[in-house]
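Visitor: just to be clear, the model below is a prediction. Sequence and coordinates:
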Amino acid sequence: MKKGLFISIEGGEACGKSTQVNLLKEYINSLPNKNDFIFVREPGGTSLGEEIRNLLLNYNEDKPLPMTELLLFCAARHQIVEEVIRPALEQGKVVIADRFFDSTIAYQGFARNIMNPEEILKLTQLIIGNVRPEKTFYFKLTPQEAFKRKSNCAPLDRIELEGMDFHERVSQGYDYIANLEPERFIIIDASKSIEEVHTQMINKFKQLI
């Protein structure tokens, strides 16, 4: 049986990740083997996961407590791994995830300080087992540049509305993981134009597939 490939795409707010995921989808749709690829997003990607996504991103009054937030992300992740990601990999598909467990380390670990990174990694192991991304595209952008971009975006969700200190800690979290696993992380300079960032990503993507 052909072995599948699991790729995740990560980055802080306003790094252009969503734009680049859409451009990657367009590129893959032009390939003759486009049916070998599937895209998923976190949180979400399943019926239950999408309901959890709404709870996490859109509550303005009864906000989840920090530990509740962490566990909701984990619940959505377990659901999509078992319903979608693991079966697709077993079928030999290339799975591309818009966020995965690195986001939890950066946001709930470093930014919210709910657990330290090592504890989150242990919890993650319970949630996902042996399903881990083989490569991760990290769209790297300073929080200062991200805030400039965010001022032109509306509306913002609950996490995007967090202050500069929060997003600086998110950035530190991603840098921590990238330094910890340099062989997995592919760092993309997200400060460039949309076209230049897309070119960076596609060149690296072609090498993987």
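Guide: Received it, and whenever you're ready, just let me know what you need.
Visitor: any regions of this structure where pLDDT drops low?
Guide: Residue ranges of the chain with pLDDT under 70: 1-2, 59-61, 151-161.
Visitor: can you do 80?
Guide: For the chain, residues meeting the criterion pLDDT under 80 lie at 1-2, 58-63, 150-162.
Visitor: show me where it has its helices.
Guide: Per DSSP state H, the chain carries helices over the ranges 17-29, 47-58, 66-80, 86-90, 101-104, 117-128, 143-150, 164-180, 194-208.
Visitor: tell me the most buried of those helices?
Guide: Among the helices of the chain, ranked by average contacts under mean count of other CB atoms under 10 Å, first place goes to helix 101-104 (a mean of 26). C-beta here means a position set from N, CA and C on the backbone, and glycine is covered the same way.
Visitor: which strands or helices does it pack on?
Guide: Packing partners of helix 101-104 (3 or more CB pairs under 8 Å, 6 or more residues apart in numbering; DSSP states H and E): strand 5-11, helix 66-80, helix 117-128.
Visitor: angle of the shortest one against helix 164-180?
Guide: What it means is strand 5-11. Here strand 5-11 runs at an angle of 150 degrees relative to helix 164-180 (axes from the mean of the first three to the mean of the last three CA atoms, to 10 degrees).
Visitor: pull out the buried residues from strand 5-11.
Guide: Buried residues in strand 5-11, counted by 16 or more other CB atoms under 10 Å: Leu5, Phe6, Ile7, Ser8, Ile9, Glu10, Gly11.
Visitor: the second one bridge partners, please.
Guide: Just to be clear, that refers to Phe6. The partner list for Phe6 in beta bridges (DSSP bridges) reads Val95.
Visitor: list the contacts of it.
Guide: Contact analysis of Phe6 by CB atoms under 8 Å, 6 or more residues apart in numbering lists Ile85, Leu89, Val94, Val95, Ala97, Val131, Arg132, Pro133, Glu134.
Visitor: name the nearest residue to the residue positioned nearest the centre of the chain, sequence neighbours excluded.
Guide: Nearest to the geometric centre of the chain sits Arg99, at 1.4 Å (CA atoms, centre = their mean). Spatial nearest neighbour of Arg99, chain neighbours left out: Glu42 (4.2 Å); criterion: CB to CB, 6 or more residues apart in numbering.
Visitor: list the contacts of the one you found.
Guide: Glu42 touches Gly49, Phe73, Ala76, Arg77, Ile80, Ala97, Asp98, Arg99, Phe100, Ser103, counting by CB under 8 Å, 6+ apart.
Visitor: make a ChimeraX selection of the buried ones in the contacts of Phe6.
Guide: Selection of buried members from the contacts of Phe6 for ChimeraX, criterion 16+ other CB under 10 Å:
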select :85,89,94,95,97,131,133
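Visitor: report the two of the contacts of Phe6 separated the most.
Guide: By the measure CB to CB, Val94 and Arg132 form the most distant pair in these, at 14.9 Å.
Visitor: so Met67 touches Ile114, yeah?
Guide: Yes: with contact defined as CB atoms under 8 Å, Met67 reaches Ile114; the gap is 5.9 Å.
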